[in-house]
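Engineer: What follows is a predicted protein model with its sequence.
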Amino acid sequence: MHGEKSPSVYILASAPRGTLYIGVTSDLVKRVWEHRNDLVDGFTRKYGVHRLVHFELHQRMYDAIQREKRLKKWERMWKIELVESRNPEWRDLWEEVIGGEENGSPLPRG
């Protein structure tokens with residue numbers, strides 16, 4: 001995935017079942033790196049929300065934006081269930097994003 005741009009929806013967490021943040025981007029690697037290094041002023045920096053726990057890749061930015069809007073309206077428990085359905089240990093998926101394809105492991109599609 002490193003070097004590729006693809007419309008993506010992502011969820012960051014401060015810790016397992018901690019504070020959640022939902023975002024959308026055309027460059028997941030760059031955007032998550034910015035969050036992790038506190039280059040994004042606001043919510044994620046203020047609350048220490050740096051762990052990438054869920055992401056979905058989309059074909060079109062329109063679809064990614066629509067998905068982000070829907071997820072933001074979800075109840076908190078539904079968001080937690082979404083993360084745990086694909087990532088029950090709340091692992092930080094950063095390594096998968098920056099090296100998943102290089103290591104031969106396919107990245108999940110949303």
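Structural biologist: It's in.
Engineer: list the helices and strands the worst-scoring helix or strand of the chain on mean pLDDT packs on?
Structural biologist: Lowest on mean pLDDT, DSSP states H and E among the helices and strands of the chain sits helix 94-99, with a mean of 90. Here helix 94-99 touches helix 28-36, strand 51-57, going by 3 or more Cβ pairs under 8 Å, 6 or more residues apart in numbering; DSSP states H and E. For every residue, glycine as well, the C-beta is placed using N, CA and C.
Engineer: Now find how far off-centre the helix or strand just after the first one is within its chain.
Structural biologist: In this case it means helix 28-36. Downstream of helix 28-36, the next assigned helix or strand under DSSP states H and E is helix 43-47. Computed by Cα atoms, centre = their mean, to the nearest Å, the chain-centroid distance of helix 43-47 equals 15 Å.
Engineer: go on, stretch 36-49?
Structural biologist: For stretch 36-49 - counting by Cα atoms, centre = their mean - the centre lies 14 Å from the chain centre.
Engineer: CA atoms only: put the biggest helix by length in the chain into CSV for me.
Structural biologist: Longest helix of the chain, by residue count under DSSP state H: helix 61-73. Extracted C-alpha coordinates of helix 61-73, given in CSV (Å, rounded to 0.1, in the frame of the first residue of the first chain):
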residue,chain,number,x,y,z
MET,A,61,-13.9,9.1,-3.0
TYR,A,62,-17.7,9.7,-3.1
ASP,A,63,-18.3,6.2,-1.7
ALA,A,64,-15.7,6.7,1.1
ILE,A,65,-17.2,10.0,2.1
GLN,A,66,-20.7,8.5,2.2
ARG,A,67,-19.4,5.6,4.3
GLU,A,68,-17.6,8.0,6.7
LYS,A,69,-20.8,10.0,7.2
ARG,A,70,-22.8,6.8,7.9
LEU,A,71,-20.3,5.5,10.4
LYS,A,72,-20.1,8.8,12.3
LYS,A,73,-23.9,8.5,12.9
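Engineer: Thanks a lot, see you next time.
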